[in-house]
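>>> make a model of this:
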Amino acid sequence: MLPLRWEMNGKLVEPEQLALAPTSTVALRLRGRLLLVAAARSARFYDAKTKKRLAALKGVHSTRFWPK
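Here you go, the predicted model:
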């Protein structure tokens, strides 16, 4: 996995409490201000405007926004 970073105060930083293994495959989905970072059996939700983590789930599969 390439490093996942976003710009914050002119610097590139890792999303708050991302904590994924360097070999993780991730899927990114954005709906409005909500960013979903989905990896194997886990999901993390961020507010893309404030860049704060809102929630994290473990033991989930095929995470996606629903309904579309």
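
>>> isn't residue 60 right up against residue 44?
No. With contact defined as CB atoms under 8 Å, residue 60 and residue 44 do not form a contacting pair (10.7 Å). Heads up, the C-betas are built off the backbone N, CA and C, glycines and all.

>>> give me every residue that touches residue 53.
15, 16, 17, 44, 45, 46 (CB atoms under 8 Å, 6 or more residues apart in numbering).

>>> among those, which are located in strands?
The strands, defined by DSSP state E, take in 44, 45, 46 from those.

>>> ok, now which ones touch residue 26?
Residue 26 touches 1, 4, 20, 37, 38, 39, counting by CB under 8 Å, 6+ apart.

>>> ok, these vs residue 65, which is closest?
Nearest to residue 65 among the contacts of residue 26 is residue 38, at 10.2 Å by CB to CB.

>>> for the closest one, list each beta-bridge partner.
Bridge pairing for residue 38 (DSSP bridges) gives the partners residue 27, residue 43.

>>> of residue 60 and residue 44, which one has the most company?
Each of residue 60 and residue 44 has its neighbours counted (other CB atoms under 10 Å); residue 44 has more, 23 against 12.

>>> in this structure that one contacts residue 16, no?
No. With contact defined as CB under 8 Å, residue 44 does not count as touching residue 16 (9.1 Å).

>>> flag the shaky bits of the chain, pLDDT-wise.
1-2, 67-68 (pLDDT under 70).

>>> tell me the bridge partners for residue 11.
Residue 11 forms beta bridges with residue 8, as assigned by DSSP bridges.

>>> tell me how many other residues surround it.
8.

>>> state the distance from the residue of the chain positioned farthest from its centre to residue 42.
Residue farthest from the centre of the chain, counting by CA atoms, centre = their mean, is residue 10 at 20.0 Å. In this view, residue 10 and residue 42 are 30 Å apart by CB to CB, to the nearest Å.

>>> kindly report the same for residue 6.
19 Å.

>>> those two: which has the busier surroundings?
residue 42 (18 against 13).
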